[in-house]
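Undergrad: My questions are about this predicted structure, shown below with the sequence.
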There are 4 protein chains.
Amino acid sequence: MTGKNTRIQREKREVILDAALQVFSENGFRGATLDRIAKVAGLSKPNMLYYFPGKEAIYHTLLNRLLETWLEPLERLSAEGDPHTQIMDYIRAKLEFSRSYPRESRLFANEILNGAPRLLDELGGPLKTMVAEKTQILQGWMDAGKLAPVDPYHLLFAIWATTQHYADFAVQVGAVLGDRDPDPITTASHFLETLFFAGLDPR
Amino acid sequence: MTGKNTRIQREKREVILDAALQVFSENGFRGATLDRIAKVAGLSKPNMLYYFPGKEAIYHTLLNRLLETWLEPLERLSAEGDPHTQIMDYIRAKLEFSRSYPRESRLFANEILNGAPRLLDELGGPLKTMVAEKTQILQGWMDAGKLAPVDPYHLLFAIWATTQHYADFAVQVGAVLGDRDPDPITTASHFLETLFFAGLDPR
Amino acid sequence: MTGKNTRIQREKREVILDAALQVFSENGFRGATLDRIAKVAGLSKPNMLYYFPGKEAIYHTLLNRLLETWLEPLERLSAEGDPHTQIMDYIRAKLEFSRSYPRESRLFANEILNGAPRLLDELGGPLKTMVAEKTQILQGWMDAGKLAPVDPYHLLFAIWATTQHYADFAVQVGAVLGDRDPDPITTASHFLETLFFAGLDPR
Amino acid sequence: MTGKNTRIQREKREVILDAALQVFSENGFRGATLDRIAKVAGLSKPNMLYYFPGKEAIYHTLLNRLLETWLEPLERLSAEGDPHTQIMDYIRAKLEFSRSYPRESRLFANEILNGAPRLLDELGGPLKTMVAEKTQILQGWMDAGKLAPVDPYHLLFAIWATTQHYADFAVQVGAVLGDRDPDPITTASHFLETLFFAGLDPR
DNA sequence: AATGAATGAGTGTTCATTCAT
DNA sequence: GATGAATGAACACTCATTCAT
């Protein structure tokens, strides 16, 4: 049925996935309705279900793609080059992701927050593997005296938390800042460089 | 109707709110059903609605309580005392909150993530006001040379993000760490002290 | 249980019936709720059900009383005296009933309108019997040349319709008249005398 | 959504409205249930709600149609022609309405009886306006000596009351008459001509 | 005599999914 | 490919009635 990957099929699937991303990220899985997704996508509901077998299928397709995108910046963290640059590149990439793909970030956060019922295997599999690999690199830098000796896992958690915050808690950030900062993510970039590489103690 | 505050009323209301906290924090507002809350609370659905007028009322009661609890540690941040101690006390209080009240943290995160439709006023009101006040204290410390000069708002964001992460993304933290760390929040406490007050540059 | 007719019992039953009359007449049988009746009566719902076994029982008690009151003015229509006076006395009594007991009138109308499921026997029994009797009187007057020869049954229908209208359709009467007539029922009394005994043809 | 007026849509909507008319007129708004309407219409409840957004919408559609039909005979009352004919035409049209559309009449009566919560605006608006206009015509005839001088508003009330009675109180009429009159409305037509244009005084 | 508490059976409405064309 | 139509299962909430005290 959906095996024929004609160009028009692929395009329609993209339109649907984009609409679904918006609706799922704003309402969570159960809060989202196929009606709304179909309306946003500009299709009839049965027509949409011609391209995807059901609500779960749409959601899973989004999640799977998302994990790849989510992992990709971390993938680039390499033992080559100096730690400061490498880590700041990662932080900036994550901030850029929060700026450009806030809906994806919130979709991911929603899923994790609700216990990751449809992502647990991926978290314990591909993600765990890659994290194990990259923490090795961080550990190597620490062992070589190029980086302060800290728990590399929690270092990654701190990077994820501080960067994703600007997408996931955007409403709160906006409410608290008011008009104070027209470009909070750029400010965050500078702030995080100071935080991560100098700390708050005055020199 | 439910105005009389008899002992049994207060107790039942607590039982309901506890069940609701669990169900709402796991599923978000729309994903939660009164059926499930009632079952968790061990009551019939109509009996539950004898104590609260409806789903919204239960949720609002939870949210209102929550915001107070959420703000309370920040409230204690005081200009008196030295910055390092004050800030670390705040970080530890937030971590303790994530350890003891992860469901409350996730309820809050869920609400913000979905656009805070039932909390926007509070965010722009009481929260904004208190944050404005507390960033003044931080700014004062920076002006006095007791703290590295950074954006105080983003400093608060970083504290919130890194501490709440252990409640909100607990599933991911657990999946990534596996058995490696039996007490991640304690590890986080040490890690965050290094991060916030020394940074990652080797000395 | 409810056999003991103490004074206080009788009074409470009256309070309940009065509240029920109001609520039933405004909302019909199904539209009325025991909650509202109890609130209007100033009793708790279970306490109210101590005096009456249930919703149906309250309603039936009202209906039975009502039929008596409804029939009473007709009862007084007597072969003695002249037709004009007798009939106008009946019309005025019915108008007075609409003025003083509009809720009773509407309760009755509601019941008939909805097919009289709880009053059919009474309609085909006591009411039919009395009407048969009274139409005999009317017929007697007509046979004696004291009254224009018309169908006596439809004459009664016309009296009922025109007089009850001021209670049952009070909202419409009020909306149509606006401020034009501060006392429509008195106006109606004069109008109906002309209508019934002179007609509309100019003399 | 339901905007497309396909043939099948129009037909189904009529089926639903017909079923709804029956159920609403027998039970009033609150007494009617969508379950029963759907059963009478021969549809499933959700399917019915595919054609109408909800219970209120069905009811309002009925009411709006009804008011037009209700006003139409009055509309035709014209200053041209002689009063007797004009008024009797109106009375006969109203009786015909009671004969052919008793459910509509009862729906209307039910609404008024319960305070016209969904029709008050119409009563004080279009209805009041048309009545004001038509009473002018009646008044004109009286001023010209072509009609006995009576209150024209109450004259209309009397016409409405006596004609609608045969639909709204049909159960009572039937119970009282028994087998006596196989065609009460025709009898009523003659009776009302005598009543309205001759009165009960013997000549 | 009175009331707080509890519940089974509805009641209007939503929603993912399926059917027919 | 596409859509109008249809439905079973939920879902939030109501209500008459009963229970326990």
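TA: Nice, thanks for sending it over.
Undergrad: When you work out contacts or count neighbours from here on, use the C-alpha atoms and nothing else.
TA: Fine.
Undergrad: Break chain A into its domains for me.
TA: A:1-53, A:63-197 (automatic domain parsing).
Undergrad: next one: the shortest one to chain centre, how far?
TA: Right, the one you point to is domain A:1-53. 21 Å (Cα atoms, centre = their mean, to the nearest Å).
Undergrad: now swap in the longest one and tell me
TA: Here the centre of mass of C-alpha atoms in domain A:63-197, compared against the chain's by Cα atoms, centre = their mean, lies 8 Å away.
Undergrad: is that domain anywhere near DNA strand E?
TA: No - figure legend: domain A:63-197 not in contact with DNA strand E (Cα under 7 Å from any atom of the strand); closest approach 14.3 Å.
Undergrad: Closest to the mean position in chain A, which residue would that be?
TA: Nearest residue to the geometric centre of chain A (Cα atoms, centre = their mean): residue A:105, 4.0 Å.
Undergrad: Contact partners for that one?
TA: A:97-98, A:164, A:167-168 (Cα atoms under 8 Å, 6 or more residues apart in numbering or on different chains).
Undergrad: what residue ranges in chain A score low on pLDDT?
TA: A:1-4 (pLDDT under 70).
Undergrad: Kindly list the longest helix within it.
TA: Ranked by number of residues, the top helix in chain A under DSSP state H is helix A:7-31.
Undergrad: which of the residues in it are buried?
TA: Neighbour counts over helix A:7-31 (16 or more other Cα atoms under 10 Å in any protein chain shown) mark A:13, A:15-29, A:31 as buried.
Undergrad: What are the boundaries of the strands in chain A?
TA: Taking DSSP state E, chain A contains no strands at all.
Undergrad: Get me the contact residues on it for DNA strand F.
TA: A:4, A:6, A:8-9, A:43-48, A:50.
Undergrad: out of the residues you listed, who's nearest DNA strand E?
TA: Nearest to DNA strand E among the residues of chain A next to DNA strand F, counting by Cα to the nearest atom of the strand, is residue A:46 at 4.6 Å.
Undergrad: ok, now which ones touch that closest one?
TA: Counted by Cα under 8 Å, 6+ apart, residue A:46 has zero contacts.
Undergrad: all helices for chain A, in order.
TA: Using DSSP H, helices in chain A cover A:7-31, A:34-41, A:45-51, A:55-75, A:83-100, A:102-113, A:120-122, A:128-143, A:152-168, A:170-177, A:184-197.
Undergrad: rewinding a little: out of the residues of chain A next to DNA strand F, flag the one nearest to chain C.
TA: When the residues of chain A next to DNA strand F are ranked by distance to chain C (Cα to the nearest Cα), residue A:45 comes first, at 37.9 Å.
Undergrad: Once you drop chain neighbours, what's closest to the closest one?
TA: residue A:38 (5.4 Å; Cα to Cα, 6 or more residues apart in numbering or on different chains).
Undergrad: what do you get for residue A:55?
TA: Nearest non-adjacent residue to residue A:55 (Cα to Cα, 6+ apart): residue A:34, at 6.9 Å.
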